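> Generate a structure from the sequence data that follows.
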Amino acid sequence: MIKWKLYEDYENQKHRFDDFKEKYIKNEASASKRVTDLTSQLESLIKQELSGCEDLSTDKKKLRKQIEEAEKEYEAATKERQHAFNYVCEQESIDKISIRDLVLDFRDNYRHKVREEELSPVIERMLRGKEEFYNAIVDYQELRAKYSEIESEIKNLCYKDNDNYPGAHISLGELFSLSDLPIVTDREVYNLQKNGEWPKGTSRVIAEK
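Numbers count the residues shown, from 1 in each chain. As a prediction, the model looks like this:
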C-alpha cells in the first residue's frame, strides 16, 4: 500500500498533545487524591477521639490545615489543567488537518498516485493477456481456414460413401470447434471475483514487480 503522508499526519495529530495533557491530568488527580486521603485521616481521628475519649484537637487542627492547603493545591491544579486544555485546543486549531483537507488530498493527489503506480501495471498486464487472447482466436480462425478444404472434401466423400453402407453410416464431427477453446466466460469471472474460484487449469501467478 502506498504511503499517504497527510493521512498519517491526520491520525498522529489526534495524539500530538497526549503527553502534554497527561502531565496536567496526573497533577490534578494527585492533588485530588491528597485531599481525599487527608480528609479520610481526619475522619479517622474524629472516630478515634469519640471512641476513646481522647483529646486529639491538635492533630485535627494540623490535618485541617493540611486539608485546606491540599484543597488550594487541587484548585490550582484544576485551573492549570483547564488552561492547558484550552492551549491545546488553540494550537490544534492553528494547523489542524481537517476532514475536508483529507478528502481533497485523496481526490486530487493520493487517488492519482495509487492509480498510476498500482492500477496501471494491472491494466498493462490485462492488456497483454487480452492481446494474447485475441491473437489466439485469430490463430484458431487461420487453423480452421487451413484445413477447411480438406475437411469439406472428406465430409462430402463420407456422405456419398454412406450410400454403400446402409445402416452403418458414419458421421464426421467438426475437426475444430469453439468448444475446444478455453474461452473466458462471465460465469468464470464472477466466480473468481466473488468466490475466489479459479477456472480449471488456471492458477494464481503473481506479476513480477
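> per-domain residue ranges of the protein.
Per the record, the chain has its domains at 5-96, 103-195, by automatic domain parsing.
> Quote the end-to-end distance of the longest one.
From its first residue to its last, domain 103-195 covers 32 Å (C-alpha to C-alpha, to the nearest Å).
> so of the domains of the chain, which one's packed in deepest?
With neighbours defined as mean count of other C-beta atoms under 10 Å, these peak in mean count at domain 5-96, which reaches a mean of 13. Every C-beta, even on glycine, is put in place using the N, C-alpha and C of the backbone.
> Rounded mean pLDDT for it, please.
On average, the pLDDT along domain 5-96 is 90.
> Farthest from the middle of the protein: give me that residue.
residue 164 (74.1 Å; C-alpha atoms, centre = their mean).
> counting contacts, what elements does the longest helix along the chain pack onto?
Longest helix of the chain, by residue count under DSSP state H: helix 120-161. In this structure, helix 120-161 packs against no helix or strand, with contacts taken as 3 or more C-beta pairs under 8 Å, 6 or more residues apart in numbering; DSSP states H and E.
> what's the nearest residue to residue 192 if we skip its chain neighbours?
Excluding its sequence neighbours, the residue lying closest to residue 192 (C-beta to C-beta, 6 or more residues apart in numbering) is residue 198, at 6.4 Å.
> In this structure the one you found contacts residue 189, no?
No: the criterion here is C-beta atoms under 8 Å, and residue 198 misses it with residue 189 at 11.3 Å.
> what about residue 102, neighbour count?
By other C-beta atoms under 10 Å, 17 other residues sit near residue 102.
> Give the other helices and strands that the helix or strand that contains it contacts.
According to DSSP states H and E, residue 102 maps onto helix 99-105. With contacts taken as 3+ C-beta pairs under 8 Å, 6+ apart, helix 99-105 sits against helix 5-13.
> Helix or strand next in line after the helix it packs on, which one?
With secondary structure assigned by DSSP H and E, helix 5-13 is succeeded by helix 18-52.
> Beyond that following helix, next helix or strand please.
Counting by DSSP H and E, the next helix or strand C-terminal to helix 18-52 is helix 57-94.
> Just give me how far that next one sits from the chain centre.
Distance, stretch centre to chain centre, for helix 57-94: 43 Å (C-alpha atoms, centre = their mean, to the nearest Å).
> Packing partners of that helix?
In terms of contacts (3+ C-beta pairs under 8 Å, 6+ apart), helix 57-94 is packed against helix 18-52.
> now the helix it packs on against helix 57-94, angle please.
Going by axes from the mean of the first three to the mean of the last three C-alpha atoms, to 10 degrees, helix 18-52 is angled at 160 degrees with respect to helix 57-94.
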